[in-house]
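K.L.:
what would the 3D arrangement of this be:
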Amino acid sequence: MPSTAIDTFFACTIIVAAALIATAFLCSTMQTSISSTQNINKESYLQAIADHIITNPGAPINWGTSSGVPTDFGLAAGSSTIPYELDIDKITRLNDLNNYSLSYPDMENAAKLNNIALGITVSQVMSINIEQISNSTGNDVSFTFAILTSIDSEPTSASLNCYVVANNYLSNVTDSTSSIGVGNVTVQIPSTETGNAMLIVFARASFDDRITSYAIYNFLNATQESAPNNDILTLTPLNYTLSFTTNSTDLTILKGYVFFYSYWQNLTAVQGTTQYLIPTIIDKSPLVIVLCGFDNGTYFQEWTSYPQIPLIAGSTFVGEEQNVFSYTVTINNVLYKVNISLGDVVS
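P.N.:
Numbers count the residues shown, from 1 in each chain. Reported below is the predicted structural model:
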């Protein structure tokens, strides 16, 4: 083959190869761009769903106050003018400790999600850890606790208001935690009542009174409790009414209390029912509700919170993609953290 023809052949081969490489690169770049666009579109789509759940009151607008199933799922307070304000009863109805809890299928159907898993968690902004560090016995038993307060694992200074509740005994102690989030609280309890006593700790962040949290310590088990035991009673707060159910064959309710950061009040029983009225308070605080009584002659105390937080509802996302959207919200003038988790979009 003449050298000119050979040169032309190799030149054409190089051009074809270059064109193939360029085409492959362009296809790869286009695929990457398409995939990236799809991911952006998916994230925007899921973000819109999460935003709708947080900012929309749902339908009916007051679905949280009854046992009915909503036709549209939204957690926002119906008449609120505050951004990201959620309804206390809608949040409470997501807790499976509640006798009127909304089932996961009902929640997904109301949210109109097709093949997309949904999970919701609500937690206090500030964490409280209670550790017993000493006790001494006299006419009364004196207990000293270390109280640790933190936000996102960072120590936070806070003012403390602590209540001790036992049979025919109620007292409170105030203190604070330091800039490194540590404080000590000492309480006295009659020696005959230590087996049924409960310590309720409220902490309020020094820089924002909307950051107010609670924690419960059970003296009998010497442990901090993250959720009610419901051994004797199941307590259900809803629409500012506390209902209870029990399997006890011999039950006597002596009294009920509602505790919040600044104070406490007695609960008023609704005559002829198993219900108590929950007062509406203006304090920026979660509520801790306690019922006391006798079960077959043995004294007991059961507690719950209003709203019933911490909350974990919906899918556990085991083996599923999980897209998490985080919000800081207000419930009854208190700040909480909410995560809305959504699964993969199935085409």
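K.L.:
wait, a strand at Asn99?
P.N.:
No. Secondary structure assignment (DSSP: H, G, I helix; E, B strand; the rest coil) places Asn99 in coil, not in a strand.
K.L.:
measure it to Thr71 for me?
P.N.:
The spacing between Asn99 and Thr71, counted by CB to CB, to the nearest Å, is 22 Å. For every residue, glycine as well, the C-beta is placed using N, CA and C.
K.L.:
and the nearest residue to Tyr327 once chain neighbours are set aside, how many neighbours?
P.N.:
Among residues not flanking Tyr327 along the chain, Val338 sits closest, at 4.6 Å (CB to CB, 6 or more residues apart in numbering). Around Val338 there are 23 other residues, counting by other CB atoms under 10 Å.
K.L.:
so who does Val338 touch?
P.N.:
Residues in contact with Val338 (CB atoms under 8 Å, 6 or more residues apart in numbering) are 54, 86, 120-122, 326-329.
K.L.:
again, but for Ile200
P.N.:
Here Ile200 is in contact with 162-165, 214-216, 259, 288, 290, 303 (criterion: CB under 8 Å, 6+ apart).
K.L.:
again, 6 Å this time
P.N.:
Residues in contact with Ile200 (CB atoms under 6 Å, 6 or more residues apart in numbering) are 163, 216, 259, 288.
K.L.:
so which of the contacts of Val338 belong to strands?
P.N.:
Applying DSSP state E to these, the entries found in strands are 120-122, 326-329.
K.L.:
now the buried members of the residues you listed.
P.N.:
Neighbour counting with 16 or more other CB atoms under 10 Å marks 120-122, 327, 329 as buried within the ones in strands among the contacts of Val338.
K.L.:
and the residues you listed as a markdown table, adding distance to Gly314 and pLDDT?
P.N.:
Converted to a markdown table, those look like this (distance: CB to CB, whole Å; pLDDT from 0 to 100):
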| residue | distance to Gly314 | pLDDT |
| --- | --- | --- |
| Ile120 | 5 | 98 |
| Thr121 | 9 | 97 |
| Val122 | 12 | 98 |
| Tyr327 | 16 | 98 |
| Val329 | 17 | 98 |
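K.L.:
from these, which is closest to Asn239?
P.N.:
Val122 (18.6 Å; CB to CB).
K.L.:
grab the nearest non-local neighbour of the closest one.
P.N.:
Excluding the flanking residues, the one nearest Val122 by CB to CB, 6+ apart is Leu311, at 4.2 Å.
K.L.:
what of Pro237?
P.N.:
Tyr306 (4.1 Å).
K.L.:
and the one you found, how far from Ser153?
P.N.:
Between Tyr306 and Ser153 the distance is 27 Å, computed by CB to CB.
K.L.:
higher neighbour count, those two?
P.N.:
With neighbours defined as other CB under 10 Å, Tyr306 and Ser153 compare such that Tyr306 has more, 24 against 6.
K.L.:
about what we covered before: wasn't the residue nearest to Tyr327 part of a helix?
P.N.:
No. With three-state DSSP as the criterion, Val338 is located in strand rather than a helix.
K.L.:
partner residues bridging it?
P.N.:
For Val338, the beta-bridge assignment (DSSP bridges) gives partners Val122, Tyr327.
K.L.:
any stretches of the stretch 51-200 of the chain with poor pLDDT?
P.N.:
Applying pLDDT under 70 to the stretch 51-200 of the chain picks out no residues at all.
K.L.:
which parts of it are strands?
P.N.:
118-124, 127-137, 140-151, 154-155, 158-166, 169-177, 182-190, 198-205 (DSSP state E, counting those that start in this stretch).
K.L.:
so which of those strands is nearest Asn247?
P.N.:
Closest to Asn247 of those is strand 198-205 (CB to CB; 21.6 Å).
K.L.:
so what touches the helix or strand following that closest one?
P.N.:
Per DSSP states H and E, the first helix or strand lying C-terminal to strand 198-205 is strand 212-218. Outside strand 212-218, the residues within contact range by CB under 6 Å, 6+ apart are 124, 126, 128, 130, 199-204, 224-225, 261, 284-286, 288, 334.
K.L.:
so what strands line up beside strand 212-218?
P.N.:
Sheet pairing for strand 212-218, assigned by DSSP bridges, gives strand 198-205 (antiparallel), strand 223-225 (antiparallel).
K.L.:
looking at the ones you listed, which is nearest to Thr280?
P.N.:
With CB to CB as the measure, strand 198-205 is the member of these nearest Thr280 (18.0 Å).
K.L.:
how far out from the middle of the chain is the closest one?
P.N.:
Here the centre of mass of C-alpha atoms in strand 198-205, compared against the chain's by CA atoms, centre = their mean, to the nearest Å, lies 17 Å away.
K.L.:
of the strands of the stretch 51-200 of the chain, which stretch is the most buried?
P.N.:
For the strands of the stretch 51-200 of the chain, the largest average neighbour count (mean count of other CB atoms under 10 Å) is found in strand 198-205, namely a mean of 24.
K.L.:
CA atoms of that one as PDB?
P.N.:
Extracted C-alpha coordinates of strand 198-205, given in PDB (Å, rounded to 0.1, in the frame of the first residue of the first chain):
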ATOM      1  CA  MET A 198     -40.200   9.400  91.900                       C
ATOM      2  CA  LEU A 199     -37.900  12.300  91.100                       C
ATOM      3  CA  ILE A 200     -39.000  14.600  88.300                       C
ATOM      4  CA  VAL A 201     -36.300  16.900  86.900                       C
ATOM      5  CA  PHE A 202     -37.100  19.900  84.800                       C
ATOM      6  CA  ALA A 203     -34.200  21.800  83.100                       C
ATOM      7  CA  ARG A 204     -34.500  25.100  81.300                       C
ATOM      8  CA  ALA A 205     -31.600  26.400  79.100                       C
END
